[in-house]
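1. quick one, what's the 3D model for this:
(one chain, ligands or ions: 3)
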Amino acid sequence: SLTLINPPATTVKSYACQRRTPLKHHNTFLTDALEILAENAEFNENEGRSVAFRRSASVLKALPHVVRGMDDLKNLPCLGEHSVRVIKEILEDGTSSEVESTRQSEQYQAMKALTGVFGVGVKSADRWFREGLRRPLDLIHTGQKLNLAQQAGVQYYNDLNRPVTKREAVAISHIVEKAVNAVLSGAIITLMGGFRRGKEVGHDVDFLITHLEEGAEEGLMPKVLNWLEEQGLLLYQKTTRNSYLESKDGPARPPHNLDRFERCFSIFKLEKGKEGSGTSLNTSYDSGPSWRAVRVDLVVSPFSQFAFATLGWTGSKLFERELRRWAGQEKGMSLSSHALYDSKQQRYLRANSEEEIFAHLGLEYIPPSERNA
Ligand code: GTP
Ligand code: MN
Ligand code: MN
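-> Ligands and ions are numbered 1, 2, ... in the order given. Modelled structure (predicted):
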């Protein structure tokens, strides 16, 4: 039959954690469009719809070729009716009317601008939008009551919306290393998030800090923050116990020593380095301040949880979500950035590396650079 002489169709597994997703792929003209709709669904607090668009986009990111026609979509998983309609329109007309009208809409633009302020979530942004506010400065002009995070968010709005470069991330790494080494010797500091996945820019810089000696990391976060504060390197910081992602999905954390696991959302004051001016033309006439604000996330983990924390803080967000969905739906397990719990065996599974966690989950190991789902 005809199918025998056709080249084999690209097969794509249905969970993002079963696939390799490189940073650069062939279908940004489609995935950007789908991700606008995903974002807009988030602004409308429609999580199901948002995840559906994100999963569709992610499948297209994993394809080794450009999608040129509807035939290329045959046998692909996760493509819902709505996503297929949008893709079809873009393939036929070059754009999707729904995507373009979303992009132009007052609500989308205002929500994008308002949630772009550090410390502002969808709920506050939506309330402000309905009160007629449109831009971050409207928050000041109309005298809105802002919490400390939001005050910092407005104050450093321009800097925080300028992408952080790899070079700036490295400069921040040196500062964090210096701070940690000043208060505890032998700590291990690892760059997480987008930069670990190979991104060249990010919205922040993420670090995971641990120590080979279990327990040595206790109390580290406040000491590091004090040191940074004394050096005048912190513009804002808020430390919290880590409970996000863990709250909903059951017992995926050992009942003990959770309280040692701390995270800090912060804003660093980064001096503009002389090394940055080499080939660029913007610095010589730059009359602005000699520093910029950079969002930095710090996480401290006991060594026994380090592999789980590493996997949990590398991302991408969709990859993490899909890992937890795979664990729950396919394996009867519960994964968090602290632990992996096997419901059948009713016990926690230990792991000393990310590879071991993938193995426990029955998944092929995917390196960080291919977790850009
Ligand atoms: P950019 O920063 O935009 O370049 O992308 P990123 O992938 O680094 O995103 P982000 O810094 O927001 O998150 C990095 C990783 O940390 C992602 O895998 C998130 O899922 C994860 N993450 C973010 N916040 C939390 C949290 O509160 N708890 C846990 N466990 N993970 C989180
Ligand atoms: Mn990040
Ligand atoms: Mn982050």
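2. how is the protein divided into domains?
-> Domain ranges of the chain: 16-102, 106-155, 164-304, 310-370, per automatic domain parsing.
3. so is the last one next to ligand 1?
-> Going back to what we said before, that points to domain 310-370. Yes - for domain 310-370 and ligand 1, the contact criterion (CB under 6 Å from any ligand atom) is met by 312-317, 320, 337. C-beta coordinates here come from the backbone N, C-alpha and C atoms, glycine included.
4. widest-spaced pair of those?
-> Ser316 and Ser337 (14.2 Å; CB to CB).
5. do a quick rundown of the helices in the stretch 101-250 of the chain.
-> Taking DSSP state H, counting those that start in this stretch, the helices of the stretch 101-250 of the chain run over residues 106-115, 122-130, 136-141, 148-155, 157-160, 166-183, 193-196, 220-230.
6. buried deepest among these, which one?
-> Ranked by mean neighbour count, the helices of the stretch 101-250 of the chain are led by helix 193-196 with a mean of 22 (mean count of other CB atoms under 10 Å).
7. extract the C-alpha trace of it and format it as PDB.
-> Written as PDB, here are the backbone C-alpha positions of helix 193-196 (Å, rounded to 0.1, in the frame of the first residue of the first chain):
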ATOM      1  CA  GLY A 193      16.200  27.600  35.500                       C
ATOM      2  CA  GLY A 194      16.500  28.800  31.900                       C
ATOM      3  CA  PHE A 195      20.200  29.400  32.000                       C
ATOM      4  CA  ARG A 196      20.800  25.700  33.000                       C
END
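8. quick one: contacts of that helix?
-> Outside helix 193-196, the residues within contact range by CB atoms under 8 Å, 6 or more residues apart in numbering are 166, 169, 190, 201-206, 297, 313-316, 368.
9. those: which ones sit near ligand 2?
-> 202, 204, 206 (CB under 5 Å from the ion).
10. as JSON lines, these with neighbour count, distance to ligand 1 and pLDDT would be great.
-> Shown next, in JSON lines, are those (neighbours: other CB atoms under 10 Å; distance: CB to the nearest ligand atom, whole Å; pLDDT from 0 to 100):
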{"residue": "Gly202", "neighbour count": "19", "distance to ligand 1": "3", "pLDDT": "98"}
{"residue": "Asp204", "neighbour count": "20", "distance to ligand 1": "5", "pLDDT": "98"}
{"residue": "Asp206", "neighbour count": "22", "distance to ligand 1": "5", "pLDDT": "98"}
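11. is it possible to export the residues you listed to CSV including distance to Pro222?
-> Conversion of these to CSV gives the following (distance: CB to CB, whole Å):
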residue, distance to Pro222
Gly202, 26
Asp204, 21
Asp206, 19
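12. these: which ones sit near ligand 3?
-> 204, 206.
13. got any ranges where this structure has weak pLDDT?
-> Within the chain, the stretches with pLDDT under 70 are 1-10, 242-250, 254-261, 274-287.
14. who in the stretch 101-250 of the chain is up against ligand 3?
-> Near ligand 3, when you scan the stretch 101-250 of the chain using CB under 5 Å from the ion, you find 204, 206.
15. for ligand 2, what's its nearest residue on the stretch 151-300 of the chain.
-> Gly193 (3.2 Å; CB to the ion).
16. what about that residue, distance to Arg68?
-> 33 Å (CB to CB, to the nearest Å).
17. return the member of the ones next to ligand 2 among the contacts of helix 193-196 nearest to Asp93.
-> Gly202 (33.6 Å).
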